[in-house]
Structure formats: C-alpha cells, structure tokens
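> give me a 3D structure for the following:
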Amino acid sequence: MTFEAMLEKLEPMISAHMRKLHIYKEHEQFRQSARVAIWRAWQRFDAEKGDFEPYAFQTIRGALLDELKMSARYEERFVPTEDDALYEQIQGEGCQRTRDFVEFLAPHTTPEECMILHAYYIEGYDHTEIAVMLGMSRAALQKKKSRLLLRLRKEMSRP
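This is a model prediction of the structure:
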C-alpha cells in the first residue's frame, strides 16, 4: 500500500481524534500536523512489529496533543495588541490621568469591568491571574475584555 492510500484511509481517524480533543478552530493547522506525524511514522514503521494503524493511532494523538500544547503556549505569550488610543488613555502619566480615566470609565462600565482594565493595564496582571481573581476561565475573561474594549472604542470615537 502506498503512503497516499494509507493517508486517505487514516483521514477519518484524524477527524475522530480532533473531535475527541475538542479542536474546533485552526482545523487545517492541526490536520496538517497529524499528516506530518503520519508521514514520519510511515518512515519509521517496522512491519515485523505489527500493523500500521494502531501505531498511527498513537502517533496522531501524540502529534495533536503536542500541537495543542504549542498553541496554548503561543496564546499565553502573544496577546493581540489593543487600540493605541485606549492604551495611551490608560497608560497616561501621573495619578491625575488615572483618576480621569476611572471617571471616564465609571458611567460606561460595571465595577467588575473597571477592575479588569485596571488590573490588566495599570497593575500589569496577565489574563490568567485576573481570571483566577474573578473565578472565571481565561477564555471567558479574554472574551469579556475584548467585548468591553470594543464598546469603549465606540464610546471614545463619539464626539
């Protein structure tokens, strides 16, 4: 059997592993990682030790888990930058700028939202630390913060 035929036979196995590992975004990146792992396994495989499919099963799972770890590390380290105008407003010099900013935020945010911005921009906490403080997941905090920033950007752009 050729590698191409084996790869075609193993595509449903890749999809099954992706479902089991709850991979719902960046499908092609993970699928390609699994294909590369199958290629490497194909090159290392010794037919005398058994069938290729069970060997490929473990190889695919391992490759997807490795890719998940790398993706998680990337998301931890590389947070997308926010709008410069909002960042400058928050990072302004002196206590007066901070008080002005807090006064600006008061009518537009809840106390929790204000605390998130203060902890992230002024105190320098990262998403994980703030999520622990608020008792929510890191992903939920990031989504909440991005929606809040979008709302504030709209508010700041009004005359």
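
> how does this protein divide into domains?
Per automatic domain parsing, the domain ranges recorded for the chain read 3-77, 84-157.

> of those, which shows the lowest average pLDDT?
Per-stretch mean pLDDT for the domains of the chain is lowest at domain 84-157 (a mean of 76).

> got the end-to-end distance for stretch 108-128?
24 Å (CA to CA, to the nearest Å).

> in that stretch, what's buried?
Thr109, Glu113, Cys114, Ile116, Leu117, His118, Ala119, Tyr120, Tyr121, Tyr125, His127 (16 or more other CB atoms under 10 Å). Placement of C-beta: from N, CA and C, glycine included.

> count the residues that sit near Lys69.
The tally of other residues near Lys69 (other CB atoms under 10 Å) stands at 10.

> same question but for His17, I mixed them up
His17 has 20 nearby residues by other CB under 10 Å.

> hmm, it is touching Ile60, no?
Yes: if you go by CB atoms under 8 Å, His17 and Ile60 touch, sitting 5.3 Å apart.

> which parts of this protein are helices?
3-20, 27-44, 52-77, 84-90, 94-105, 111-117, 127-134, 138-157 (DSSP state H).

> how many degrees apart are the first one and helix 27-44 in direction?
Computed by axes from the mean of the first three to the mean of the last three CA atoms, to 10 degrees, the angle separating helix 3-20 from helix 27-44 equals 130 degrees.

> still on that earlier bit, ok, the buried residues of stretch 108-128 vs Leu21, which is closest?
Leu21 lies nearest to His127 out of the buried residues of stretch 108-128, by CB to CB, at 22.3 Å.

> my guess is the closest one contacts Leu141, does it?
Yes: assessed by CB under 8 Å, His127 is found in contact with Leu141 at 5.6 Å.

> got any residues that touch both of those two?
Counting by CB atoms under 8 Å, 6 or more residues apart in numbering, His127 and Leu141 have no common neighbour.

> mind listing the shared neighbours of His17 and Ile60?
Ala34.

> show me which residues of stretch 128-143 are buried.
Residues of stretch 128-143 classed as buried: Ile130, Ala131, Arg138, Leu141, Gln142 (neighbour count, 16+ other CB under 10 Å).

> quick check: the third one vs Thr128, distance?
The reference is to Arg138. Arg138 sits 5 Å away from Thr128, going by CB to CB, to the nearest Å.

> next one: Arg151
Where Thr128 is concerned, Arg151 sits at a distance of 23 Å (CB to CB).

> ok, the closest residue to Gln142 other than its chain neighbours - contacts?
Closest residue to Gln142 apart from its sequence neighbours, by CB to CB, 6 or more residues apart in numbering: His127 at 5.7 Å. Taking CB under 8 Å, 6+ apart, we find His127 in contact with Val79, Tyr120, Arg138, Leu141, Gln142, Lys145.
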